[in-house]
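[1] sequence and predicted model, in that order:
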Amino acid sequence: MLRAAISLVLPLALHATAQEPEAARPPNVIVIFIDDLAYADIGPFGADIPTPNLDRMAKEGMKFTDFLVSTAVCSASRAALLTGCYNRRIGISGAYGPRSKRGIHEDEVTLAELCKQKGYATACFGKWHLGHHPKFLPLQHGFDEYYGLPYSNDMWPLHPAYAHLPTAAERRKKGYPDLPLIDGNEVVDREVTGEDQKLLTKQYTERAVSFIERKKDQPFFLYVPHSMVHVPLFVSKAFEGKSGKGLFGDVVMEVDWSVGQILDALEEHGLTKNTLVVFTGDNGPWLSYGDHAGSAGPFREGKGTMFEGGIREPTVMWWPGRIPAGTTCDELSSTIDLLPTVAKLIDAKLPDHPIDGRDIRPLMFGADDAKSPHQEFYCYYAGGQLQAVRDRRWKLHLPHKYRTLNGREGGKNGSPVPYEQGAIGVALYDLKNDPGESTDVQAEHPEVMTRLLAAVERARTELGDRLTKRKGRGVRPAGQLKKGDPELKW
């Protein structure tokens, strides 16, 4: 009998041991980041463009209706997402152009580097825009694989619909480089044409699906920062005219298809219950492009402003069995929260330097009475100008100028109309009752003004303010190309 008992127990013990690594495996993380995506551009947030895969994500996951980016422009927003810091803290403002000598600093810790602590495979397929010289590229910042454009696809496209932009000959005469496609650290296509750009969404998606297939047996972090829906708009033949909503609708539909391909790959390989998928964007719509731009819905203004239309993104998080299905979170949260949240999920060590994001697992997992971890949120733009401070309900604007169409329609067929310059003084808005930031209520709420003005002073002390010429004790420098550093060769 004893021998029989041993023969039964031993196989069970071996089976349990074999299962331990799988049970202890930390979750996979996928971040899908859309360029210039407006709040009302996808079905779960009111768009009439067909987005069945995002509808599925929302039905099976959670919508975040007050999810903010650090600032309303490309490079700075991406830097904040990947480092968990306000872009102002890490010295990155605006959008780096082809002649820039700056990028993300080597001392910053990215989401990819955080995941590498735990043996993750990491990849980025899409638009990087955190510096295009080798020291700034993804492979030097924690990613094992990279394929995509180093900056925005309007730097510079070849497409007749965008005739207002320089031709190839004009670009070269002015010293502008071409738009390159990079694989790893190498340029594999010196000049990405309009025809090439029609295939970008498809190519990024194919790379993402292949990565999931190849890395399914180990934890992985996958970052898919699509070039679309940034102008100039391009779509593959499979989606031309498919939406019935013009070229912009077609492009959104192809992005939605890409989401579906990624979800299907997870399902095929049995990874759905151990994978967090986050879908969001870098800033609001480029309104001057009119029918080639999206809609911020009820919110004021768009890209390039710190009104809600510029910084509030339609966000969906999906993790079957962990994130409650069909739910909505109205609490303030942000892209800067992803890094500390992932750190907690995978038990990774946070950077030694200060970060600004907070762990939002209670919000993600639908904990009872979960509230935003942010007592205040700082809104910097225009090279380090503090333009607003907000909390879960109130938003205090400080005096600044901003671009606006002032009620006019945007352009047609890829040609923008010019912006006007608007100006705002000190103004307090009740975002719960006035999401469009239309009625200044500072006179009625002096106690809120006092509290948020104190937050303004904390922001200026820590992060500075270009308007008041404050430097900020907690600001770190961006990366800088130095003499002797290799440059990207086109």
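    Ah, there it is.

[2] can we go C-alpha only for contacts and neighbour counts from here?
    Will do.

[3] skip the chain neighbours and tell me the closest residue to K471.
    Excluding its sequence neighbours, the residue lying closest to K471 (CA to CA, 6 or more residues apart in numbering) is G464, at 4.4 Å.

[4] what about that neighbour, distance to F136?
    25 Å (CA to CA, to the nearest Å).

[5] ok, the residue nearest to K471 - how many residues close by?
    Neighbour count for G464, taken as other CA atoms under 10 Å: 25.

[6] quick check: F143 vs W318, distance?
    Counting by CA to CA, the gap from F143 to W318 is 23 Å.

[7] which one's more surrounded, these two?
    W318 (29 against 24).

[8] residues in contact with that one?
    57-58, 60-62, 276-278 (CA atoms under 8 Å, 6 or more residues apart in numbering).

[9] make JSON lines out of these and add distance to V255.
    Conversion of these to JSON lines gives the following (distance: CA to CA, whole Å):
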{"residue": "M57", "distance to V255": "14"}
{"residue": "A58", "distance to V255": "15"}
{"residue": "E60", "distance to V255": "19"}
{"residue": "G61", "distance to V255": "18"}
{"residue": "M62", "distance to V255": "19"}
{"residue": "L276", "distance to V255": "19"}
{"residue": "V277", "distance to V255": "15"}
{"residue": "V278", "distance to V255": "14"}
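
[10] D178: which of those is nearest?
    V278 (32.0 Å; CA to CA).

[11] and the helices in the stretch 51-200 of the chain?
    Secondary structure of the stretch 51-200 of the chain (DSSP state H, counting those that start in this stretch): helices located at 52-60, 74-83, 111-116, 168-173, 194-197, 200-214.

[12] mind checking the pLDDT average for the fourth one?
    Right, the one you point to is helix 168-173. Mean pLDDT, helix 168-173: 64.

[13] the longest one too?
    pLDDT averaged over helix 200-214 equals 98, rounded to a whole number.

[14] for that helix, packing partners?
    Under the contact criterion of 3 or more CA pairs under 8 Å, 6 or more residues apart in numbering; DSSP states H and E, helix 200-214 touches strand 121-125, strand 220-225, helix 246-268.

[15] which SSE is immediately downstream of the worst-scoring helix or strand of the chain on mean pLDDT?
    Lowest on mean pLDDT, DSSP states H and E among the helices and strands of the chain sits helix 2-24, with a mean of 38. Using DSSP states H and E, the helix or strand that follows helix 2-24 towards the C-terminus is strand 28-34.

[16] wait, L181 sits on Q197?
    No - when contacts are counted by CA atoms under 8 Å, L181 is not listed as touching Q197 (10.1 Å).

[17] thinking again about what came up before, now list the buried members of the contacts of W318.
    57-58, 60-62, 276-278 (16 or more other CA atoms under 10 Å).

[18] ok, of those residues, which one's closest to D330?
    M62 (10.3 Å).

[19] quick one: that closest one and H132, what's the gap?
    From M62 to H132 the distance is 35 Å (CA to CA).

[20] again, but for A38
    26 Å.

[21] do the same with E447
    E447 is 47 Å from H132, where distance means CA to CA.

[22] which one of these two has more residues nearby?
    Between E447 and H132, counted using other CA under 10 Å, H132 has the larger neighbour count: 28 against 11.

[23] give me every residue that touches the closest residue to the more buried one other than its chain neighbours.
    Counting by CA to CA, 6+ apart, H132 lies nearest to P150, which is 5.3 Å off, once chain neighbours are set aside. With contact taken as CA under 8 Å, 6+ apart, P150 is in contact with 127-132, 137, 180-182.

[24] tell me the phi and psi of P150?
    Main-chain torsions, P150, degrees, to the nearest 10: phi -80, psi -20.

[25] any idea how far V109 is from it?
    According to CA to CA, P150 and V109 sit 19 Å apart.

[26] just G310 next, same as before
    26 Å.

[27] more neighbours, these two?
    Between G310 and V109, G310 has the larger neighbour count (other CA under 10 Å), namely 30 against 21.

[28] isn't the more buried one right up against K303?
    Yes - counting by CA under 8 Å, G310 touches K303, with 4.4 Å between them.

[29] list residues touching both of those two?
    72, 283-285.

[30] please list only the buried members of those.
    The neighbour-count test (16+ other CA under 10 Å) applied to the shared contacts of G310 and K303 identifies 72, 283-285 as buried.

[31] D434: which of these is nearest?
    Once CA to CA is applied, the member of those that ends up nearest D434 is G284, at 18.5 Å.

[32] which phi and psi values does that closest one adopt?
    Taking degrees, to the nearest 10 as the convention, G284 sits at phi -80, psi -170.

[33] that one touches A296, doesn't it?
    Yes - using CA under 8 Å, G284 and A296 qualify as a contacting pair, with a distance of 6.7 Å.

[34] common neighbours of the two, please.
    38-39, 302, 309-310.

[35] any chance of the residues you listed in TSV with pLDDT, secondary structure and distance to R460 as columns?
    Shown next, in TSV, are these (pLDDT from 0 to 100; DSSP: H, G, I helix; E, B strand; the rest coil; distance: CA to CA, whole Å):
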residue	pLDDT	secondary structure	distance to R460
A38	98	coil	29
Y39	98	coil	29
G302	98	coil	25
G309	98	helix	24
G310	98	helix	22
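
[36] which members of these are classed as buried?
    38-39, 302, 309-310.

[37] now render the residues you listed as JSON lines, adding distance to P219.
    Shown next, in JSON lines, are these (distance: CA to CA, whole Å):
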{"residue": "A38", "distance to P219": "31"}
{"residue": "Y39", "distance to P219": "31"}
{"residue": "G302", "distance to P219": "37"}
{"residue": "G309", "distance to P219": "36"}
{"residue": "G310", "distance to P219": "34"}
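
[38] ok, so of these, who is nearest S93?
    G310 (15.0 Å).

[39] tell me the spacing between the closest one and A370.
    Distance, G310 to A370, using CA to CA: 26 Å.

[40] cool, G103 as well?
    36 Å.

[41] the two - which one has more neighbours?
    G103 (24 against 15).

[42] surely the more buried one touches Y151?
    No - if you go by CA under 8 Å, G103 and Y151 don't touch, sitting 11.2 Å apart.

[43] follow-up on the earlier one: pLDDT score assigned to the residue nearest to H132?
    96.

[44] and if you look at R312?
    98.

[45] contacting residues around it?
    39, 66-69, 283-284.

[46] also G131?
    Applying CA under 8 Å, 6+ apart, the residues near G131 are 96, 100-104, 137, 150-151.

[47] which single one of those is nearest to P362?
    Out of the contacts of G131, the member with the shortest distance to P362 (by CA to CA) is I104, at 30.3 Å.

[48] isn't N153 right up against P232?
    Yes - using CA under 8 Å, N153 is in contact with P232, at 6.9 Å.
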